[in-house]
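Colleague: coordinates for the following, if possible.
(one chain, ligands or ions: 2)
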Amino acid sequence: MNYDYQLAVIGGGAGGLTVAAGAASFGSSVALIEQQSEVGGDCLHYGCIPSKALIQAAGEVNVTAQQAGLTEEQYNYIFKNAMKCVSEAIDDIQSHDSKQRFIDMGIDIYQHTARFEDEHTLQVGQEFITAKRIVIATGSSPTLPSIDGLDTVPYLTNESIFNLKERPSSLVVIGGGIVGVELSQAMAHLGVKVTILEKSDHILSNEDTEIAKMAQNILSEDLTVMTRTQVNQVELAGNQVCVHFTEGNHKGTIEASQLLVATGRRANIKSLQLGNAGVDTKEGTIQVDHHLRTNKKHIYAVGDCNGSMPFTHVAGMEGKTVVSNAVFGLPSKVSYEQVPWVIYTSPEIYHLGLTELEAKAKYGHELLTFKTLLEDSDRFIAERNTSGIVKVMTKSNGKIVGAHAFGVGAGEWMQEVGTLQSLNKKFQTLSNVIHPYPARNNVLSQTADLYWRDKLFNSKWNHAIRWYVRKFR
Ligand SMILES: Cc1cc2nc3c(=O)[nH]c(=O)nc-3n(C[C@H](O)[C@H](O)[C@H](O)COP(=O)(O)OP(=O)(O)OC[C@H]3O[C@@H](n4cnc5c(N)ncnc54)[C@H](O)[C@@H]3O)c2cc1C
Ligand SMILES: NC(=O)c1ccc[n+]([C@@H]2O[C@H](COP(=O)([O-])OP(=O)(O)OC[C@H]3O[C@@H](n4cnc5c(N)ncnc54)[C@H](O)[C@@H]3O)[C@@H](O)[C@H]2O)c1
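Modeller: Ligands and ions are numbered 1, 2, ... in the order given. Sure thing, here's the model as predicted:
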């Protein structure tokens, strides 16, 4: 059968663009279908980029506010400037990643919402296009919890918060996951009175528990965190949103000028009419195998829509894997064991592999855990930024199974451990790598030294070494 294209990609976000650009550069004929007027997806328009621009602007404001204090009027003015930084950052990146750039690569772009007509045919607007292989990269959207009255009040999500024109005096945030926590702290730094309502025992429940609790304590200096809190109802009271909740056994109400819902994500699959192509879904996401193929072997799914790990760098990694599988017919597999992520709070949180609880459950007595508090590391002491910890877990031979940190700049300096792991090197290797003093990553060689200290001073060898030194040296 003849097809219009060798490859059709649905969705022009991080995952879809990686596939479309990769396939086109190797000579495939490619159609890219994106329903929005611009490409870039959530990361560029409602996610990574606007949130990081806001966090940076807000952090600078916070430093000024701590040193000199700011009036309400100054905060109002600064808020507008911060929002301007956000839209400028999006525009700058958009101009690099424009539709024209992809058209110049030879890709045909359709601005429509795609739906499957059958397993090789997509309806795009009034047209039908056929493709030998299809990649679904439709991303995810915010979930809305079933809370009484939510449909009767105005509320923000990550898709609308970056359009705020005026500084809210107060903000209630439902959900203490990554989105809720990053945006809450940024808003608090911009002079907004913020309260997070989280239903679990602590915020950031996917993080290492010790680090999540440390983060919760630090965040509580800027804003109010309420955990084990169930939101029962929301309603309007004048121009305020009134949130009724139960915290443990205590019932309460809190009013705020804005409400942000940050309770998780759901895959964008409804508009695709996957049933027409016979593609299986599981718990609202597209089911894929290790090669990122759906049950229909010529249809692949990458990024947030397959429910693996909702990060831009994962969508990119999966996109590259699909290029090698769909374009070259290779059997490349994805693995998620070496995927790090960073939470851009102040200070930052770095996460790689298993948490301490997960690692203990998996490796039991074989597990070694090395921890250094930042208050014991010179650069952090010098900078007066001693809140935080580095924690690395290894098997008894030093093979890294998990690495976590909470500390200023941790997202950058901790990646040294990620690189070591992906090069299949043992953690103790870092002990012999010379780190310039007093760079922040000295805390890593300091932590790796603990491995040798443990081996040399707490093992049966210690007696023999001491005997040898006394006798012969
Ligand atoms: C506030 C926030 C901050 C974040 N910060 C980070 C961060 O710092 N680092 C990080 O790694 N990740 C971050 N993420 C996650 C990251 O944004 C996502 O993991 C990433 O965007 C997923 O890429 P994707 O290609 O799967 O989907 P998307 O980028 O969402 O792209 C999907 C595209 O498909 C289009 N589409 C959907 N359905 C159809 C259809 N039927 N037809 C045509 N087009 C369609 C959509 O319009 C969209 O453009 C953040 C997320 C949020 C919400
Ligand atoms: N820095 C980054 O890389 C970054 C930043 C933002 C988002 N992201 C990605 O986006 C994903 C989604 O983040 P998210 O924060 O939206 O989701 P999430 O699933 O990480 O967190 C949602 C939180 O809301 C809580 N919750 C759910 N319903 C609730 C209710 N009714 N009342 C109170 N609390 C409730 C959950 O217990 C959870 O803690 C992340 O997992 C991450 O992969 C990444």
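Colleague: up against ligand 1, what does this protein have?
Modeller: 10-16, 33-36, 41-43, 47-48, 51-52, 113-114, 137-139, 158, 179, 268, 271-272, 303-304, 310-313, 315 (Cβ under 6 Å from any ligand atom). Bear in mind the C-beta positions are built from the backbone N, C-alpha and C, glycine included.
Colleague: domains in this protein, by residue range?
Modeller: What automatic domain parsing lists as the domains of the chain is 5-40+97-142+266-328, 150-263, 347-457.
Colleague: separation between the closest residue in space to W461 that isn't next to it in sequence and V261?
Modeller: Counting by Cβ to Cβ, 6 or more residues apart in numbering, W461 lies nearest to K455, which is 7.2 Å off, once chain neighbours are set aside. Noted for K455: a distance of 50 Å to V261, by Cβ to Cβ, to the nearest Å.
Colleague: so between those two, which is more surrounded?
Modeller: Taking other Cβ atoms under 10 Å, K455 and V261 do not tie; V261 has more neighbours (24 against 15).
Colleague: residue contacts, the more buried one?
Modeller: Under the criterion of Cβ atoms under 8 Å, 6 or more residues apart in numbering, the neighbours of V261 are P142, L144, P145, L150, Y155, L156, T157, I174, G175.
Colleague: before we move on, what about N163?
Modeller: So N163 contacts nothing (Cβ under 8 Å, 6+ apart).
Colleague: cool, R384 as well?
Modeller: No contacts exist for R384 under Cβ under 8 Å, 6+ apart.
Colleague: what about it, which helix or strand?
Modeller: Under DSSP states H and E, no helix or strand contains R384.
Colleague: roughly how far does it sit from ligand 2?
Modeller: 26 Å (Cβ to the nearest ligand atom, to the nearest Å).
Colleague: just the buried residues from the contacts of V261, in ChimeraX please.
Modeller: To isolate the buried ones among the contacts of V261 in ChimeraX, judged by 16 or more other Cβ atoms under 10 Å, type:
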select :142,150,155,156,157,174,175
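Colleague: JSON lines for the domains of the chain, including distance to N76 and mean pLDDT?
Modeller: Shown next, in JSON lines, are those (distance: least, Cβ to Cβ, whole Å; pLDDT from 0 to 100):
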{"stretch": "domain 5-40+97-142+266-328", "distance to N76": "27", "mean pLDDT": "98"}
{"stretch": "domain 150-263", "distance to N76": "5", "mean pLDDT": "97"}
{"stretch": "domain 347-457", "distance to N76": "28", "mean pLDDT": "96"}
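Colleague: do you know which of those domains lies nearest T71?
Modeller: For T71, the closest of those is domain 150-263, at 9.5 Å, according to Cβ to Cβ.
Colleague: re earlier: so which of the contacts of V261 comes closest to ligand 1?
Modeller: Taking Cβ to the nearest ligand atom as the measure, ligand 1 lies nearest P142 of the contacts of V261, at 7.2 Å.
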